[in-house]
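Undergrad: With the sequence up front, the predicted model follows.
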Amino acid sequence: MEYFNFCPNCQSANIVFENNRKFNCQDCGMLYFHNVAAAVAVIIEQDDKILFTVRNRAPKKGYLDLPGGFTDPDETVEQTCQRELKEELNLDFAVEDFRYFKSQPNDYDYRGIPYKTADLIFIAQFPKAANIVLEKEEIEAYRWVPKTDINVEDIGFVSLQNAVSDYLNQEKL
């Protein structure tokens with residue numbers, strides 16, 4: 001991994017990064033496992049439409065996205081859904097409002113560091129009488145897209161392209 005050049009423990013350059021996940025210092029023996037990070041995304045439904053956000057920052061700035069984000073320590077993934085939807089869109093959900101749909105692996109390249117994530121996708125109904133207020137630092141805009149008009153290639157991350165495609169195919173059954 002080219003972005004780690006020295007051991008953070010002893011500053012040695014005698015390091016090995018094995019299988020794109022295990023950092024090993026050959027001098028002091030420090031081990032660091034670059035494990036998969038948990039992230040959530042929520043398919044929010046209303047009538048025959050899905051709520052998409054437009055990313056306002058890298059990676060994938062300008063692409064469609066599903067609301068969501070990374071799970072914090074000591075947080076359930078349902079709590080992550082709840083917190084992220086409040087932060088990004090000012091929407092209030094109870095943790096019981098989220099129905100698990102599926103998971104997808106993802107590559108999230110942030111500032112030159114490739115993070116491997118497990119994206120956990122949930123489905124929820126848009127709250128009645130809710131008013132969306134965007135967190136402009138992260139989200140440029142939002143769009144309600146009819147399910148029949150969704151082009152998955154407009155979605156920034158392959159993991160979410162796959163999840164939305166599977167969701168739409170399930171809807172046809």
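TA: Received, thanks.
Undergrad: contacts, neighbours, all on C-alpha from now
TA: Noted.
Undergrad: quick one: the strands in this structure?
TA: All strands of the chain, identified by DSSP state E, fall at 15-18, 22-25, 31-33, 37-46, 49-55, 64-65, 68-70, 99-110, 113-125, 139-146.
Undergrad: Quick check: neighbours of the first one in the sheet, parallel or antiparallel?
TA: This means strand 15-18. strand 22-25 (antiparallel) (DSSP bridges).
Undergrad: Just the buried residues of the strand it pairs with, please?
TA: By neighbour count on 16 or more other Cα atoms under 10 Å, the buried set for strand 22-25 is 23, 24, 25.
Undergrad: which ones are touching the residue of the chain most remote from its centre?
TA: Centroid-distance maximum for the chain: residue 27 at 36.0 Å, with Cα atoms, centre = their mean. Residues in contact with residue 27, defined by Cα atoms under 8 Å, 6 or more residues apart in numbering, are 10, 12, 14, 15.
Undergrad: out of the residues you listed, who has the most neighbours?
TA: residue 15 (21 neighbours; other Cα atoms under 10 Å).
Undergrad: which non-adjacent residue is nearest that residue?
TA: Counting by Cα to Cα, 6 or more residues apart in numbering, residue 15 lies nearest to residue 25, which is 4.4 Å off, once chain neighbours are set aside.
Undergrad: same deal with residue 61?
TA: That would be residue 55: by Cα to Cα, 6+ apart, it lies 4.9 Å from residue 61.
Undergrad: Report how many residues lie close to the one you found.
TA: 24.
Undergrad: What of residue 11?
TA: 13.
Undergrad: Please name the bridge partners of the nearest residue to residue 38 once chain neighbours are set aside.
TA: Among residues not flanking residue 38 along the chain, residue 118 sits closest, at 5.1 Å (Cα to Cα, 6+ apart). On the basis of DSSP bridges, residue 118 is bridged to residue 38, residue 105.
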